[in-house]
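[1] Could you look at this predicted model? Sequence included:
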Amino acid sequence: MTDIFAHACTKAWEPTPDGNRRRVLVHTDELMMVEFAFEKSGVGALHSHPHVQASYVAEGRFEVTIDGRSEILEKGSSFIVPSNLVHGVRALEAGRLVDSFAPCRADFLG
C-alpha cells in the first residue's frame, strides 16, 4: 500500500504510450487513482482491460467512446467502464481525467 494521503505536487508525471501523461496518485491492491493529462487533440487509444474504471473530467472536454457508443463530456462529468469493454477518449481541448481502477493497475506501477 502507498501513503494514505497524497499531494499532487509530489507525484511525478510520466509519458504514456499514446503520447499523453499520467501520474499515479494513490493505490492499494484493490483500488487505484490515476490522473491523466491530454493536450488538445490528444487520444487515449481504444483498448480494454479487466479492471473496472470510473473516470472524472477534472478539466477540458473529451469525446469518450465506450463499447461503440460516444458522448462529449466536459468538466464535472464522469463515466464508468465495466470490465473488458473497449473504450478510449479524444481531447477536444487540453484537459485532465482522474481515473479510478479496481483492482489496482499493476502495469502502471512498473
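    All right, it came through fine.
[2] for Asp107, helix, strand, or coil?
    What DSSP: H, G, I helix; E, B strand; the rest coil gives for Asp107 is helix.
[3] Run a quick neighbour tally on it.
    Using other Cβ atoms under 10 Å, the number of residues around Asp107 comes to 8. Where you see a C-beta, it was placed from the backbone N, CA and C, and this is true even at glycine.
[4] and the gap between it and Val89?
    According to Cβ to Cβ, to the nearest Å, Asp107 stands 18 Å off from Val89.
[5] Show me the shaky parts of the chain.
    Regions of the chain meeting the criterion pLDDT under 70 cover residues 1-2.
[6] which residues pair with the residue nearest the centre of it across the strands?
    Computing the C-alpha centroid of the chain and ranking residues by Cα atoms, centre = their mean puts Asp99 first, at 3.9 Å. Beta bridges link Asp99 to Val34, Ser55 when assigned by DSSP bridges.
[7] wait, isn't it in contact with Met33?
    Yes - checked against Cβ atoms under 8 Å, the pair Asp99 and Met33 is within contact range at 7.3 Å.
[8] all strands for this structure, in order.
    Per DSSP state E, the chain carries strands over the ranges 14-15, 21-27, 32-38, 43-47, 52-59, 61-66, 69-74, 78-81, 87-91, 95-102.
[9] what's the closest of these to Phe5?
    Closest to Phe5 of the strands of the chain is strand 21-27 (Cβ to Cβ; 8.0 Å).
[10] Run the chain-centre distance for the closest one.
    Put simply, strand 21-27 sits 9 Å off its chain's centre (Cα atoms, centre = their mean, to the nearest Å).
[11] who's in contact with that strand?
    Under the contact criterion Cβ atoms under 8 Å, 6 or more residues apart in numbering, strand 21-27 has outside partners 1-4, 6, 8, 11-16, 32-37, 98, 104, 108-109.
[12] Which of those residues are buried? Put it as a ChimeraX command.
    Command for ChimeraX that selects the buried part of the contacts of strand 21-27, burial taken from 16 or more other Cβ atoms under 10 Å:
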select :16,32,33,34,35,36,37,98,104,108
